[in-house]
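> Sequence first, predicted model second:
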Amino acid sequence: MDEDLRERLRTAAASHRPDRARMLARIERGMAEEPPARPVRAPRGPMPWLRVAGATAAVCGVLTAGAFAVTSAGREEPAGGQRVAAPPVSPAPVTPYPGGGGALPAGNGPLWSDGSLNPNSNSYWAQSEVTVKTSRPLSALTVELRIALNGGVTTTGSWRSLPEKDFVASAREEDGFLVYRWTLKPGRSVPTGTHTFAGQYDHAAGDRDAGRDDYTARARAAAGPASVGGDFSVTR
């Protein structure tokens, strides 16, 4: 649109004066006339989206009712209105050892243990080992290894896989046994894992009967105290 046409439109708009009298007269005539009757329209059906929503709700209601029926059948209660609970599964029985410290299991709480004779033991010297495995850190632990004083048994030393500074260790004869004892110092802890405690000793030449040898391990974890024990059934 060129500038000349814009100018003419602005001039015409500025010079326009509405006829107020004619406008009022038209309004009065329209108010005096009776409005024509509005034709009756047929009722409209539900909107398409409402029909879809209604069908979806019906399907969901059927599925919900079916699921409730299946669930109710699987949870049927016996006569009298009391629900029967399944009995708990009992743990496998643990065979106690016949040692001198009282019968203790090989596994208890976070602890598991085993006693064995080192394969390098010979006809003059032996090493008995106690393996303690814990699935939780321990705040207290005492391991005791008892070697029966038969066949000229005399101590030649001991060791443990945990730090030496964390334990008080001793070896002494008590009531017919050479007793090795390792006690965790206060304020120290034993980490989760497998740990070994070993006692070494000389004995008379030939095979030695280890049937009376035994061990115990007493500990404390966050869940409370636990004890394990066992024996050494190998003759060396």
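Noted; the coordinates are in hand.
> and the one helix or strand Thr216 maps to, what does it pack onto?
Taking DSSP states H and E as the criterion, Thr216 maps to strand 214-221. Counting by 3 or more CB pairs under 8 Å, 6 or more residues apart in numbering; DSSP states H and E, the packing neighbours recorded for strand 214-221 are strand 111-117, strand 125-134, strand 140-148, strand 224-231. For the C-beta atoms, the positions are set from N, CA and C on the backbone; glycine is no exception.
> Can I get the ones you listed in JSON lines including distance to Glu174 and mean pLDDT?
Compiled in JSON lines, the helices and strands packed on strand 214-221 are given as follows (distance: least, CB to CB, whole Å; pLDDT from 0 to 100):
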{"stretch": "strand 111-117", "distance to Glu174": "18", "mean pLDDT": "95"}
{"stretch": "strand 125-134", "distance to Glu174": "16", "mean pLDDT": "97"}
{"stretch": "strand 140-148", "distance to Glu174": "8", "mean pLDDT": "98"}
{"stretch": "strand 224-231", "distance to Glu174": "16", "mean pLDDT": "96"}
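> I'd like those strands written out as TSV, with mean neighbour count added.
Conversion of the helices and strands packed on strand 214-221 to TSV gives the following (neighbours: other CB atoms under 10 Å):
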stretch	mean neighbour count
strand 111-117	20
strand 125-134	22
strand 140-148	22
strand 224-231	19
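> Using JSON lines, lay out the ones you listed together with distance to Thr11.
JSON lines is the format used below for the helices and strands packed on strand 214-221 (distance: least, CB to CB, whole Å):
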{"stretch": "strand 111-117", "distance to Thr11": "107"}
{"stretch": "strand 125-134", "distance to Thr11": "103"}
{"stretch": "strand 140-148", "distance to Thr11": "107"}
{"stretch": "strand 224-231", "distance to Thr11": "103"}
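> Can I get the strand holding Thr216 in CSV, CA atoms only?
Extracted in CSV, the C-alpha atoms of strand 214-221 (Å, rounded to 0.1, in the frame of the first residue of the first chain):
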residue,chain,number,x,y,z
ASP,A,214,39.9,-79.1,70.6
TYR,A,215,39.3,-75.4,70.2
THR,A,216,36.8,-72.7,70.9
ALA,A,217,36.2,-69.2,69.5
ARG,A,218,34.0,-66.7,71.5
ALA,A,219,33.2,-63.3,69.9
ARG,A,220,30.9,-60.3,70.0
ALA,A,221,29.4,-58.6,67.0
